[in-house]
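S.K.: I would like the atomic coordinates for the input below:
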Amino acid sequence: MNVNRISRILNVFLIVICWKIHWLQWKPPQLRISIVPVVYVVGVFVWYAMCFYQHFESIEILQTIADVSTVISWCIRTHLLLGLKLMILIVFQYRRFARLSNRLLRVPFKGTEKFTLNELIAYLLMFTTVLINFGVGIYDVVKLRHHRMPFINLMLFSALYVPHVALAGCVKYLNTLIWILTCYFTELREEIDKSTDRILSVDENGGTTLTIVENNNANSAKQPILFVERLDTLIIIVNKLNERVQKQLYTLIGLNAICLVFAAYSLVYYNTTWHSITSDAFGSALKVSCISIFVCVLVDYLCLGFCNSRFEREKVLIRNSLKNFVERKSDLKEDEKERVRNVREELRDEAIFKIVWFYKMDFGFFAMLNILTALGIGLFVVFHYFNDMLEDVNLKLS
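M.R.: Here you go, the predicted structure:
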C-alpha cells in the first residue's frame with residue numbers, strides 16, 4: 001500500500017468538495033497553502049453565499065412547499081441553518097486538520113509501490129457514496145430530461161447540497177485515516193514480531209533502540225528501531241483526530257436525521273397523496289432520491305463501524321505482540337519493560353475512537369443510533385400523517 005498515493009488522491013478529493021484548502025506537495029509529502037485551491041474554494045463559497053441568500057427571497061417554489069407541507073419547509077430551513085454553521089466550522093478547522101495530516105505523513109511507513117487490497121479498500125471508503133450519488137443524479141437527469149429546471153431551483157438546491165457534500169469530507173477523511181493508522185499498526189506489529197533476537201534499550205534522552213543480536217557474529221550492531229516512539233506518535237494522532245472530528249460528527253448526525261425525516265415523510269405522502277398531482281417521472285426520481293438517502297447514511301455508518309472494528313482488532317494484536325516481546329526478553333531492564341508496558345496500556349485506554357466523547361465508534365453504537373433514529377422518525381411521520389388525516393375528516397364533516 002502506498003500511503004503517499006492514497007493521501008494525494010484523498011487530498012484532491014477533499015479540495016474538490018471544499019473540505020480542505022491545503023495542497024499536498026510531493027517531496028517531502030507535506031500540506032501547504034496553494035493559490036489554486038484557495039481560489040477554487042473561495043469561488044465555491046461565493047456561490048454558496050449567493051444560493052443561501054435566495055432562500056430568504058419570495059420565491060414561488062418555496063411558498064408552494066410551505067403551503068403543501070410545513071414539515072418539508074421546516075426540514076429545508078433547519079438543514080440550511082445547520083449547513084451554514086458547518087461551513088463556518090470547516091473554515092476554522094482547515095489549519096488544524098492540515099497540521100494533523102502533516103504529523104501523520106512524517107511517521108515512517110515502508111509500505112509498497114504495488115496496488116494492494118488495503119489500498120483498494122481505502123479508495124472504496126472514499127468513493128462509495130460518491131458513486132451512489134452520481135448514479136442517482138444520472139437517473140434523475142434521465143427521468144426528468146423533459147422537465148426544464150429553473151436556474152433559481154438549482155441555486156436553492158445548491159445551498160442545501162454544498163454543505164452536505166463538504167461534511168461528507170469529514171467522514172471520508174476519518175475513514176481513510178483510521179484505515180491508514182490500522183495499516184501503520186500492522187506494519188509495527190510485524191516489526192515487533194520479527195524482533196525475536198533484538199533487545200530493547202532506552203538511551204539517556206529517552207530514545208528507544210533495539211540491539212540486534214547476530215547469532216553468527218560476536219559483534220552486535222545497534223540499529224534504532226523506534227517502534228515505541230512511533231506508537232506514541234500514532235496514539236497522539238488518534239487522540240487528536242478523535243477530538244477534532246467531534247463537532248463535525250455532531251453536525252453529521254443532525255443533518256442525516258433531517259434528511260431521513262425528509263425522505264421518510266416524502267415517501268409516505270407521495271404514496272398516499274402527492275402521486276395524484278405529480279407526474280410519474282417526478283415520482284420515480286423522488287423515490288430513488290429518497291431511497292438513496294437511506295442507503296448513503298447506512299453506508300457511511302457501516303464504513304465507520306468497519307474501519308473502527310479493524311482498528312480495534314489490530315490494537316489487540318499489537319498489544320499481544322508487545323506482551324510477548326517483554327516476556328521473551330529476560331535480559332530487559334525493569335525500566336525498559338515498564339516503558340513497553342506503558343505503551344501497551346496507552347493503546348488500550350487512550351487510542352480509542354469515540355463519538356459524543358463516551359460511545360465507542362463501533363457497530364453496536366451505529367446499530368443503536370439507527371434504531372433510535374428509525375423509531376423517532378417513524379413516530380414523527382406517523383403522528384403528522386394521522387394528524388393530517390384527522391384534519392381532513394373534520395374539514396369534510398364541517
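
S.K.: my read: residue 41 touches residue 18, true?
M.R.: Yes: distance between residue 41 and residue 18: 5.2 Å, which falls inside the contact criterion (C-beta atoms under 8 Å). The way it works is simple: take the backbone N, C-alpha and C, and place the C-beta from them, glycine included.

S.K.: what about the two, which has more around it?
M.R.: residue 18 (24 against 21; other C-beta atoms under 10 Å).

S.K.: host element of the more buried one?
M.R.: Under the criterion of DSSP states H and E, residue 18 resides outside all helices and strands.

S.K.: Low-confidence stretches in the stretch 151-300 of the chain?
M.R.: For the stretch 151-300 of the chain, the stretches flagged by pLDDT under 70 are 195-226.

S.K.: Swap in 80 and give it another go.
M.R.: Low-confidence segments of the stretch 151-300 of the chain, defined by pLDDT under 80: 191-229, 273-280, 282.

S.K.: in it, which spans are helices?
M.R.: Counting by DSSP state H, counting those that start in this stretch, one finds helices in the stretch 151-300 of the chain at the ranges 151-193, 227-244, 246-272, 280-328.

S.K.: Could you save these as JSON lines and add columns showing mean neighbour count?
M.R.: Formatted as JSON lines, these follow (neighbours: other C-beta atoms under 10 Å):
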{"stretch": "helix 151-193", "mean neighbour count": "20"}
{"stretch": "helix 227-244", "mean neighbour count": "18"}
{"stretch": "helix 246-272", "mean neighbour count": "19"}
{"stretch": "helix 280-328", "mean neighbour count": "17"}
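
S.K.: Which among those is found nearest to residue 136?
M.R.: Closest approach to residue 136 among these is made by helix 280-328 (4.4 Å; C-beta to C-beta).

S.K.: How far off centre is the closest one?
M.R.: Relative to its parent chain, helix 280-328 has a centroid offset of 10 Å by C-alpha atoms, centre = their mean, to the nearest Å.

S.K.: Tell me what angle it forms with helix 246-272.
M.R.: Put simply, helix 280-328 runs at 150 degrees to helix 246-272, going by axes from the mean of the first three to the mean of the last three C-alpha atoms, to 10 degrees.

S.K.: could you point out which element follows the helix or strand that contains residue 71?
M.R.: Element membership for residue 71, per DSSP H and E: helix 70-105. Proceeding N to C from helix 70-105, the next assigned helix or strand is helix 117-143, under DSSP H and E.

S.K.: With just CA atoms, put stretch 81-93 into CSV.
M.R.: Once non-C-alpha atoms are left out, stretch 81-93 reads as follows in CSV (Å, rounded to 0.1, in the frame of the first residue of the first chain):
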residue,chain,number,x,y,z
LEU,A,81,-29.0,26.8,9.1
LEU,A,82,-27.1,23.7,10.1
GLY,A,83,-25.3,23.8,6.8
LEU,A,84,-24.2,27.4,7.4
LYS,A,85,-22.9,26.5,10.8
LEU,A,86,-21.0,23.6,9.3
MET,A,87,-19.4,25.8,6.5
ILE,A,88,-18.1,28.3,9.2
LEU,A,89,-16.8,25.4,11.3
ILE,A,90,-14.9,23.9,8.3
VAL,A,91,-13.2,27.2,7.6
PHE,A,92,-11.9,27.5,11.2
GLN,A,93,-10.7,23.9,11.2
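
S.K.: Could you check how many residues crowd around residue 276?
M.R.: Burial of residue 276, expressed as a neighbour count using other C-beta under 10 Å, amounts to 7.

S.K.: no wait, residue 149
M.R.: Using other C-beta under 10 Å as the criterion, residue 149 is surrounded by 10 other residues.

S.K.: how about it, phi and psi?
M.R.: When quoted as degrees, to the nearest 10, the phi and psi of residue 149 stand at phi -90, psi 120.

S.K.: Please name the residues that touch it.
M.R.: Taking C-beta atoms under 8 Å, 6 or more residues apart in numbering as the criterion, residue 149 is in contact with no other residue.

S.K.: measure the residue sitting nearest the centre point of the chain to residue 243 for me?
M.R.: Centroid-nearest residue in the chain, with C-alpha atoms, centre = their mean: residue 171, separated by 1.1 Å. Applying C-beta to C-beta, to the nearest Å, one obtains 17 Å for the distance of residue 171 from residue 243.

S.K.: So what does residue 2 look like in phi/psi?
M.R.: Dihedral angles of residue 2 (phi, psi; degrees, to the nearest 10) stand at phi -100, psi 110.

S.K.: Nothing else from me, thank you.
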